[in-house]
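J.: coordinates for the following, if possible.
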Amino acid sequence: MINDSIEKKKNLTFYLGYIFKGGLVVSLGEIILKGLNILLIPIYTAYLTPKDFGIIALTTSIVSFLGLFYNPGIISAAQRKYYSSEDELDKKEIIGSTYLFVLLFPLIISLIAVIVGYFFSESIFKDYAFYPFGYIAILLAFFTQPKRIWVLLLSMKYKIQKSAIYNVIGGVVSLLLSLFLVINLKYGALGKILALIPSAIFIFYLANKTILQYIQKQWSFSKMKELLIFGLPLIVAVWSYEILFIADRFILEGMIGTEELGVYSIAYQLAQIPIFLAVGIRKVWNPIFYENMKNESYDIVKGLISGYVIFITLICLGIILFAKEFVILMTDSRYYSAIPVIGIITGGIFFNSLITITNSFLGFQNKFKNTSKIALVSAILNIVLNFILIPKLGISGAALATLFSYLVYFVLGVYLVKDYLNKINLRKDLLLCFIIIVSAIIYTSFAGIEIIDIKEVVIKIILIVILLGILLKSILPQIKNIIKNKRKNKRKNE
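T.: Model prediction:
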């Protein structure tokens, strides 16, 4: 049961507090794991070649690709149905039916993938050994499915911190094991991939235990069918979004090889820093957003979105401006070609992060078909741009395809929810952040990439300070006014 304190009247202060606490714990877990991986880049780049990084990137992409078939919209449907239900037994049946599906259906797909995967690999990939890497990817994809229901359940019960703690434990074990396999046993890419298995099994066990304790055998095929039908319009959205995220890896490997993919994966790893810093916020976002939209608490929604946009903009800005210095300090000349790519990919990550806002509005209105349409358009655009730009520009072409695709995704979403954005008065703030990020990308495009220039570093620091002041001046007063009005209303009610 949810704690009694959570049942009390909730206001902006409560939600900001929960987002801060819950988001902070989850983000802190991601920061610890991803941060360690980033800090260990000098070690990994010393023992692993760009080709090794390419193999690792392609293996994890196969895991994501298999996940497309494992989730035909049922998880998102379960989340929406859960909040629409007032009956606790019905909620347990929703989670139980979803859990059974993501346990049994992936098992069937995994068996099929084991049989036909090798033949697909030979015909699609240029330089990738399906044995053993492909088979390990199939195993990892299966073991990670219950985790998605587990995280969803903990999020809806306002206990997301629990998943973060166990993720850190499993992640640290995998990291230590990977260092042993890569450095001591010289296993190369295979060592880093094998190290992912113990963590996956550990979380698999915890997820199953927690979910079974909650559902108490409450599930049914009829409820499973209902959820599948309800989430059917989301299949295109879920699949398109994932394809948009991983298509460039497959196309890069097929067109220019695993080595270039490895350099691109390093660039993408650094560009994704804003996502893992904000992952905690994104995991606790939907429960809070849906509840406040349902209560028509638009002032709370505005305050939450404003804070989120500031956070994402500042993180992306820092990555774009200081990508060159990081790559030069942490890697060797084999990876310098990643420098001009990082800023472009980070621009795409910025718009990807803002998609959370537009998708939340569309999800609240149950406009899953619209979500599917814009995701499909963006995914198709991404694939087309990759095929056009990669032969001409290499990994820079893939980065540009990522940027433009996510930009189109976000712009289409803004158009579809423009009435809500006007009601909450957010368009001006979003436009300001857009201008800041695009300006930073243009600025870094003209900077040299050979050496670290102290004058350039000073200029970048000054730019960040100035832009930080502009953002705070534009958005923070709005949040202060919202909190002030809430306090006044509370006093009147008392």
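J.: next, count neighbours for residue 199.
T.: Burial of residue 199 is recorded as 23 neighbouring residues (other Cβ atoms under 10 Å). (Glycine included, C-beta is placed from N, CA and C.)
J.: right, and it touches residue 170 too?
T.: Yes. Counting by Cβ atoms under 8 Å, residue 170 is a contact partner of residue 199 at 3.6 Å.
J.: what about residue 456, how many residues close to it?
T.: Counted with other Cβ under 10 Å, the neighbours of residue 456 add up to 16.
J.: for it, give its distance to residue 172.
T.: From residue 456 across to residue 172, the span is 36 Å (Cβ to Cβ, to the nearest Å).
J.: ok, now residue 160?
T.: Here residue 160 is placed at a distance of 19 Å from residue 172 (Cβ to Cβ).
J.: for the two, indicate the residue with more neighbours.
T.: Neighbours were counted for residue 160 and for residue 172 using other Cβ under 10 Å; residue 160 has more, 23 against 14.
J.: isn't the more buried one right up against residue 150?
T.: No. Counting by Cβ under 8 Å, residue 160 does not reach residue 150; the two are 10.5 Å apart.
J.: where does the stretch 51-200 of the chain have low pLDDT?
T.: 158 (pLDDT under 70).
J.: from residue 38, how far off is residue 49?
T.: Look at residue 49 and residue 38: by Cβ to Cβ, they are 19 Å apart.
J.: can you check residue 60 too?
T.: Taken as Cβ to Cβ, the span from residue 60 to residue 38 is 16 Å.
J.: just give the number of residues close to residue 322.
T.: Residues lying near residue 322 (other Cβ under 10 Å) number 18.
J.: which residue, other than its chain neighbours, is closest to it?
T.: Counting by Cβ to Cβ, 6 or more residues apart in numbering, residue 322 lies nearest to residue 460, which is 6.5 Å off, once chain neighbours are set aside.
J.: what is the burial count for that neighbour?
T.: Counted with other Cβ under 10 Å, residue 460 comes out at 22.
J.: show me the contacts for the nearest residue to residue 337 once chain neighbours are set aside.
T.: What sits nearest to residue 337 in space, not counting adjacent residues and going by Cβ to Cβ, 6+ apart, is residue 263, at 5.6 Å. Residues near residue 263 by Cβ atoms under 8 Å, 6 or more residues apart in numbering: 50, 53, 334-335, 337-338, 395.
J.: for the strand or helix carrying residue 263, the distance to its chain's centre please.
T.: Assigned by DSSP states H and E, residue 263 belongs to helix 258-271. Here helix 258-271 shows a centroid-to-chain-centroid distance of 17 Å under the convention Cα atoms, centre = their mean, to the nearest Å.
J.: check stretch 431-450 too.
T.: With Cα atoms, centre = their mean, you get 23 Å for stretch 431-450.
J.: mind listing what's buried along that stretch?
T.: In terms of neighbour count (16 or more other Cβ atoms under 10 Å), stretch 431-450 has its buried residues at 432-434, 436-437, 440-441, 444, 447.
J.: so of these, which ones are in helices?
T.: Mapping the buried residues of stretch 431-450 onto helices (DSSP state H) picks out 432-434, 436-437, 440-441, 444.
J.: tell me, how many residues neighbour residue 155?
T.: With neighbours defined by other Cβ under 10 Å, the count for residue 155 comes to 21.
J.: helix, strand, or coil at it?
T.: Put simply, residue 155 is helix when judged by DSSP: H, G, I helix; E, B strand; the rest coil.
J.: strands along the stretch 151-300 of the chain, start to end?
T.: Here the stretch 151-300 of the chain has no strands by DSSP state E, counting those that start in this stretch.
J.: can you tell me how far the residue nearest to residue 322 is from residue 454?
T.: 11 Å.
J.: over to residue 232?
T.: Counting by Cβ to Cβ, the separation of residue 232 from residue 454 is 57 Å.
J.: so between the two, which is more surrounded?
T.: When residue 232 and residue 454 are compared for neighbours, residue 232 comes out ahead with 16 against 7, by other Cβ under 10 Å.
J.: tally of neighbours for the closest residue in space to residue 171 that isn't next to it in sequence?
T.: Among residues not flanking residue 171 along the chain, residue 33 sits closest, at 4.0 Å (Cβ to Cβ, 6+ apart). Using other Cβ under 10 Å, residue 33 has 20 neighbouring residues.
J.: wait, doesn't residue 33 sit right on residue 175?
T.: Yes. Counting by Cβ under 8 Å, residue 33 touches residue 175, with 7.1 Å between them.
J.: no more questions from me, cheers.
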